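In: would you be able to build a 3D model of this:
(2 chains)
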Amino acid sequence: MTFLSELLAWFTDPLNWQGSSGIPIRTWEHIQYSVAATLIAALIALPIALYLGHTGRGGLLAINIANIGRAIPSLGLIIMAFILLGLNITPVMIALVALAIPPIVTNTYIGIRNVNREVRDAAGGMGMTGWQVLTQVEIPVAMPLIMAGLRTSAVQVVATATLAAYLSFGGLGRFLFDGLALQDYEQLTGGALLIAALSLITEFLLARVQTVVVPKGLAKRNATAAVDAKMSGKAGVASSGA
Amino acid sequence: MDWGWVQDHLGEIQSLFFQHAQFTLLALVYGFAIAFPLALAATRWPRLYTPILGLTGILFTIPSIALFMLMMPFTGPTATTCLIALTIYTLLVLVRNTVEGLKGVPREVREAAEAMGYRRFKQLFRVELPIALPVIIAGIRIAVVTTIGLVTITALIGFGGLGALFIDGFRQAFGTPIIVGFALSVLFAVAADLALVGVQRLLTPWARGGDSR
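Out: Residues are numbered from 1 along each chain as shown, chains lettered A, B, ... in the order given. Just a heads-up that it's a prediction; the model follows:
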């Protein structure tokens, strides 16, 4: 009980809401890292995955890259990038982008490949060019999975951006590592709660975006696809095949 | 890459690997011990499925670093903290895949088993679970690979298995331990994943050599 009231005191202390190390600024830094990394990852991953999915090439790599990505230790990746590139924000961004790419690639690829052959053929038969088939048929039909991949990546990036603070940068991780170093459990817990909240909000917001960008006719499929893509890989594929 | 360092620290690397393997194994065992009954309950009473999935989903969305830190005031920087958090992260995949696997058992198979006089538990263990096994193992594979990665995060509170090498390397601004920890942890994940594929092949002999259905 005393801990909870001290935690509440930490959250309500006006000092924690002011200046360059206050909660608003740290949150904003965290959001900036996360949005930048997710956008860069999407700009790299989407064209590649759309191309592979449309042409049906490189399937083995595209499907397995998400599993490989899961095995990559984020802390190790960030520290290794730091040792190689020195103390600036680049190693953090490289690590975040590298972690965000695999789920986008795998989900987008599977989404595009799962478009019914007949639908694709019908589009071709109607005289659509390859580009039109991709943009007017395949992408809209694959949208639930494309969005699910982006969501998985964004949530993962928000989580991992915490580690930027380990390399003495900002973001909400600052409260964690400072709290840990000072044995200041209110700051530690407060920071952890803020990070957890930001992750859940990200997930929730992107789920809302998904309902907007997914074509209405696919809305029902959308619900199951979102669950599948949460696991973004073998499980989803295996269970939908069963 | 400084091979001399590796040679001098072989013993340490070995014990870190054992810690890593121990954490992974325990998290999976605890995770399964919780997820399996939950999954059975969700299969038996489908109404429970959505809330169980929702709750484990929310827990899964909470970043691992945040969860480790949230438990610090209560359980301190201990192995317990690591194991509770690691276990929590296995739940979503294990519950989901066990339920989906059981749901995927064809109705005819279920009816045939009933007609043959199987009682509920015997039917579950002798008929339904074997058929659900590939999907369940797919879940275990994801859980194992994810856990092996997450264990390295516990380095931030003084554990970490091979992840402890990241902190070593960071403190000394020395790349070798980081490369060793990184490579071994990825290799461990890949090896564990392949081993589980092997286990699945052994346990589902009927699935070998083409489609059995």
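
In: the strand or helix carrying residue B:194 and chain A, are they touching?
Out: Assigned by DSSP states H and E, residue B:194 belongs to helix B:175-203. Yes - judged by Cβ under 8 Å from any Cβ of the partner chain, helix B:175-203 and chain A are in contact via B:175, B:178, B:179, B:181, B:182, B:185, B:186, B:189, B:190, B:193. For glycine as for every other residue, the C-beta is placed from the backbone atoms N, C-alpha and C.

In: which one of these is nearest residue B:133?
Out: residue B:193 (16.3 Å; Cβ to Cβ).

In: rewinding a little: and the helix holding residue B:194, what's its mean pLDDT?
Out: Computed over helix B:175-203, the mean pLDDT rounds to 93.

In: other SSEs contacting that helix?
Out: With contacts defined as 3 or more Cβ pairs under 8 Å, 6 or more residues apart in numbering or on different chains; DSSP states H and E, the packing partners of helix B:175-203 are helix A:59-71, helix A:74-85, helix B:3-8, helix B:10-44, helix B:129-151, helix B:164-172.

In: that helix to helix A:74-85, inter-axis angle?
Out: 150 degrees (axes from the mean of the first three to the mean of the last three Cα atoms, to 10 degrees).

In: quick one on the thing from earlier: by neighbour count, which of the residues of helix B:175-203 next to chain A wins?
Out: Tallying neighbours with other Cβ atoms under 10 Å in any protein chain shown puts residue B:181 at the head of those, with 31 neighbours.

In: hang on, that one packs against residue B:148?
Out: No - contact criterion Cβ atoms under 8 Å: residue B:181 and residue B:148 do not qualify, at 11.9 Å.

In: for the helix or strand hosting residue A:39, name the packing helices and strands.
Out: In the assignment (DSSP H and E), residue A:39 maps to helix A:23-55. Here helix A:23-55 touches helix A:59-71, helix A:89-113, helix A:139-160, helix A:173-182, helix A:185-213, going by 3+ Cβ pairs under 8 Å, 6+ apart.

In: mind doing that once more with 7 Å?
Out: Where contact means 3 or more Cβ pairs under 7 Å, 6 or more residues apart in numbering or on different chains; DSSP states H and E, helix A:23-55 is packed against helix A:89-113, helix A:139-160, helix A:185-213.

In: now do the SS call for residue B:124.
Out: Counting by DSSP: H, G, I helix; E, B strand; the rest coil, the backbone at residue B:124 sits in helix.

In: sorry, wrong one. I was asking about residue B:159.
Out: Residue B:159 ends up coil, using three-state DSSP.

In: list the residues that contact it.
Out: B:19, B:79, B:82 (Cβ atoms under 7 Å, 6 or more residues apart in numbering or on different chains).

In: repeat the analysis, applying 8 Å as the threshold.
Out: B:19, B:23, B:79, B:82, B:151 (Cβ atoms under 8 Å, 6 or more residues apart in numbering or on different chains).

In: before we move on, what about residue A:165?
Out: A:171, A:172, A:173, A:174, A:176, A:177.

In: try 6 Å
Out: A:171, A:173, A:174, A:177 (Cβ atoms under 6 Å, 6 or more residues apart in numbering or on different chains).

In: can you pick the most crowded of the residues you listed?
Out: Counting by other Cβ under 10 Å, residue A:173 has the largest number of neighbours within the contacts of residue A:165, with 29 neighbours.

In: that older thread, from the contacts of residue B:159, which two are the most distant?
Out: Going by Cβ to Cβ, the pair spanning the contacts of residue B:159 furthest: B:79 and B:151, at 11.2 Å.

In: these two: which is more packed in?
Out: Using other Cβ under 10 Å, the more surrounded residue of residue B:79 and residue B:151 is residue B:151, with 27 against 16.

In: isn't that one up against residue B:161?
Out: Yes - assessed by Cβ atoms under 6 Å, residue B:151 is found in contact with residue B:161 at 4.8 Å.

In: could you give the mean pLDDT of the helix or strand hosting residue A:4?
Out: Using DSSP H and E, residue A:4 sits within helix A:2-12. For helix A:2-12, mean pLDDT is 86.

In: near chain B, which residues of chain A? Just list them.
Out: Within chain A, the positions adjacent to chain B are A:3, A:70-71, A:73, A:75-76, A:79-80, A:83, A:155, A:159, A:162, A:176, A:185, A:188-189, A:192, A:195-196, A:199-200, A:203, A:234-235, A:238-239, A:242 by Cβ under 6 Å from any Cβ of the partner chain.

In: columns mean pLDDT and mean neighbour count on top of the helices and strands packed on helix A:23-55, output as TSV?
Out: Formatted as TSV, the helices and strands packed on helix A:23-55 follow (pLDDT from 0 to 100; neighbours: other Cβ atoms under 10 Å in any protein chain shown):
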stretch	mean pLDDT	mean neighbour count
helix A:89-113	93	24
helix A:139-160	93	25
helix A:185-213	93	19
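
In: quick one: contacts for residue A:151?
Out: Going by Cβ under 6 Å, 6+ apart, the list of residues near residue A:151 reads residue A:206.

In: that one and residue A:193: what is the separation?
Out: Using Cβ to Cβ, to the nearest Å, residue A:151 is found at 22 Å from residue A:193.

In: try residue A:86
Out: Taking Cβ to Cβ, one finds residue A:86 at 33 Å from residue A:193.

In: can you check residue A:91 too?
Out: 27 Å.

In: would you list the residues of helix B:175-203 next to chain A in TSV and tack on distance to residue B:137?
Out: Shown next, in TSV, are the residues of helix B:175-203 next to chain A (distance: Cβ to Cβ, whole Å):
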residue	distance to residue B:137
B:175	37
B:178	32
B:179	31
B:181	28
B:182	27
B:185	22
B:186	21
B:189	16
B:190	16
B:193	11
